[in-house]
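**Student:** Sharing a model that was predicted from the sequence below.
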Amino acid sequence: IPYTQENPSNEMILVPAYFYPTAGDFLKLLYSKPQKTVVVILNVNDGPGDMKNNDYEWTIEELINKGMLPVGYVYTNYGKRNIDLIKKDIDEWYKFYPRIKGVFLDEVSDNPNYIEYYANIYNYIKQKYEGLVILNPGTNFPHDLIHYCDYAVVFEGNENDLQNFKLDPSLKPFINKLVILVYNVTNFEEAYNMIIQIGIHNMYLTDDTEQNPWDSLSKYYYLLVGDNSRIEWTYTISFSDPLRDNNNYPSWTDIVSLRYSYNELYIGFNLTILEPIPINTNDTTYLYYLLIDTDNNSETGYMFWLAKNIGAEYMVEIIVDKSLTAYLYKHIGPDWNWMLMRPLLVNVINETTIEVIIEKKDINLTLDEIYFTAFSQISNTVADYILCERVPTGITKPTEINSQKSDIESTTSVLPTTSTYSETTIPEISKTTTSSITAEQTKITSNQLTSPIQTISSNEMQLYIEILVIFAIVIIVIYLVIIVRKK
């Protein structure tokens, strides 16, 4: 078991992540900075599902890259399920997702007559895949069963049931292999201390309720994994936009300000609008876009005609409907043609501000400065937009930004080069299930993703300009002829 050296405290947090991998809760998990071993249980459809799911494949890679251990869910129906079907599920987890780190066996019987049954499964996993094996009896169990797992859940229940739980003395010698899962927790400190007093340090506590207590990430997750800090920014700059310049469209389209931040690994954007973010209000979809020019060349990437200095290599789409999601796209051209790269972490900072966080490596940042702009969309039309100046990326030492006036006057304020957040807690992320867009790299064409504006190519723009110039010359000549004749 690879935990004692990497985790001297021998503490493990077991996260039943029974929610879709591109959901906000999953991204919240991926962007955390755990100080303990984190094992994440993945469950496609009461097991591995019928075929490989690209979103789960991406998630497994991301979890491993973040130092977490993904394991696959397999149910056993308390020893009554055909063992060949169980082995088939195990094989398919490893077939579809070769980098999976083990198996979580659920509905494990506490009847000693089934110990041989689970020993058979344990040996199958260890001999064929050398994977981690976690059993879930959810209660006290015969101590001989502990020899056929790496971890075993000895309690699964609500906070009230935990108060009455007594650990079987025969299991105390194996205390480091035992796990407690508690849901419907209203007093984290009290529940946590009860578990510690039992002598168990491997756990998971959630505020989620009994109907399906594992379908969202616990609000206590950051406390459990020892992540006591938000992402801290080393640089921040804010751009403001005039109020009510959104062409009389609804107030949710009126952009108030856009704040940009960076640190060693990430860049972040805080988009503030005039009225509260309309999540869960109706069936309308609200769209906001960020265009990012990473090579400082307006002739490459998507040319946003309202911002002549922008040639965007990357685009962020923020979708607000009954949930809140964000996606990163790479421009492949021509015009409004993008390739989906991945979902992004998106937070609600307050009722009018959305925060999107991007890893620098995902947009291949190599220059010390970038350009960007943001706009809101309604009925395939740009309702409001904000033009921003050149900003540093932190790739090299930040240089002073030259103040350049744009068509929309913007005021900037550079905040101190320390953490710019006064909040001490992680902002809540809306629970989302995004099944309509996969995280695999998918070509998005103009037929699939409607352009928010009427796209004009550079050649067409040049032709229009030439026609206008010729027309102006003709008007001037006619005017001069008329003046001469009058004289």
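**Tutor:** Arrived safely. Numbering: from 1, shown residues only.

**Student:** Quick one, grab the pLDDT at I318.
**Tutor:** If you check I318, the pLDDT there is 93.

**Student:** what is it paired to in the beta sheet?
**Tutor:** Y288, A326 (DSSP bridges).

**Student:** Go ahead and confirm it touches Y289.
**Tutor:** Yes: under the criterion of Cβ atoms under 8 Å, I318 lies in contact with Y289, with a separation of 7.2 Å. Placement of C-beta: from N, CA and C, glycine included.

**Student:** ok, D293 to Y329 distance?
**Tutor:** Taking Cβ to Cβ, to the nearest Å as the measure, D293 and Y329 are separated by 14 Å.

**Student:** out of those two, which sits in the busier spot?
**Tutor:** In terms of neighbours (other Cβ atoms under 10 Å), D293 is the more surrounded of D293 and Y329; the figures are 26 against 23.

**Student:** who's in contact with that one?
**Tutor:** Applying Cβ atoms under 8 Å, 6 or more residues apart in numbering, we find D293 in contact with 301, 309-313, 370-372.

**Student:** Of those residues, which is the most crowded?
**Tutor:** Neighbour counts for those peak at A312, which has 27 neighbours (criterion: other Cβ under 10 Å).

**Student:** List the residues that contact that residue.
**Tutor:** Under the criterion of Cβ under 8 Å, 6+ apart, the contact partners of A312 comprise 291-293, 301-302, 304, 331, 372.

**Student:** any idea which of these is closest to I86?
**Tutor:** Closest approach to I86 among these (Cβ to Cβ): H331, at 46.6 Å.

**Student:** if I read this right, the closest one contacts Y302, doesn't it?
**Tutor:** Yes: contact criterion Cβ under 8 Å: H331 and Y302 qualify, at 4.8 Å.

**Student:** overlap in contacts of these two?
**Tutor:** Joint contacts of H331 and Y302 (Cβ under 8 Å, 6+ apart) are 312, 315, 338.

**Student:** Please tell me how far the first one sits from M339.
**Tutor:** Pointing back at A312 there. A312 is 13 Å from M339, by Cβ to Cβ.

**Student:** what is in contact with those two at once?
**Tutor:** When contacts are counted by Cβ under 8 Å, 6+ apart, A312 and M339 have H331 as shared neighbours.

**Student:** where's P48 relative to Q35, distance?
**Tutor:** Separation of P48 from Q35 (Cβ to Cβ) stands at 30 Å.

**Student:** The two: which has the busier surroundings?
**Tutor:** In this comparison of P48 against Q35, neighbours counted by other Cβ under 10 Å, the higher total goes to P48 at 27 against 14.

**Student:** Distance check, that one against V256.
**Tutor:** When distance is defined by Cβ to Cβ, P48 is 46 Å away from V256.

**Student:** How about N160?
**Tutor:** From N160 over to V256 the distance is 46 Å, taken as Cβ to Cβ.

**Student:** out of the two, which sits in the busier spot?
**Tutor:** Each of N160 and V256 has its neighbours counted (other Cβ under 10 Å); V256 has more, 17 against 10.

**Student:** in what helix or strand does the more buried one lie?
**Tutor:** Assigned by DSSP states H and E, V256 belongs to strand 255-262.

**Student:** element containing the closest residue to K126 other than its chain neighbours, please.
**Tutor:** Distances taken as Cβ to Cβ, 6 or more residues apart in numbering place V133 nearest to K126, at 7.1 Å, with adjacent residues excluded. Per DSSP H and E, V133 falls inside strand 132-135.

**Student:** What pairs with that strand, parallel or antiparallel?
**Tutor:** Note on strand 132-135: by DSSP bridges, its sheet partners are strand 102-106 (parallel), strand 151-158 (parallel).

**Student:** List the buried residues in whichever helix or strand comes after the first one.
**Tutor:** Using DSSP H and E, the helix or strand that follows strand 102-106 towards the C-terminus is helix 115-128. Under the neighbour-count criterion of 16 or more other Cβ atoms under 10 Å, helix 115-128 has 115, 117-118, 121-122, 124-125 buried.

**Student:** Same question for stretch 170-183.
**Tutor:** Those would be 171, 174, 176-183, for stretch 170-183 by 16+ other Cβ under 10 Å.

**Student:** where does the chain have low pLDDT?
**Tutor:** In the predicted model, the chain carries pLDDT under 70 at residues 1-10, 228-231, 280-282, 396-464, 486-487.

**Student:** pull the longest strand from it.
**Tutor:** Within the chain, and with DSSP state E defining each element, the longest strand by residue count is strand 369-378.

**Student:** Tell me the first helix or strand C-terminal of that strand.
**Tutor:** strand 381-387.

**Student:** chain center to that following strand, what's the gap?
**Tutor:** Taking the mean C-alpha point of strand 381-387 and that of its whole chain, the gap between them comes to 25 Å (Cα atoms, centre = their mean, to the nearest Å).

**Student:** Can you list the strands that whichever helix or strand comes after that strand pairs with?
**Tutor:** Tracing the chain past strand 381-387, the next element assigned as helix or strand by DSSP H and E is strand 391-392. If you go by DSSP bridges, strand 391-392 pairs up with strand 369-378 (antiparallel).

**Student:** Report the angle between the partner strand and strand 381-387.
**Tutor:** Counting by axes from the mean of the first three to the mean of the last three Cα atoms, to 10 degrees, strand 369-378 points 150 degrees away from the direction of strand 381-387.

**Student:** which residues touch the strand holding V133?
**Tutor:** Strand 132-135 is contacted from outside by 1, 14, 39, 41, 69, 71, 101-105, 108, 118, 121-122, 125-126, 145, 148-153, 179, using Cβ under 8 Å, 6+ apart.

**Student:** Could you look up the SS state of G268?
**Tutor:** Taking DSSP: H, G, I helix; E, B strand; the rest coil as the rule, one finds G268 in the strand state.
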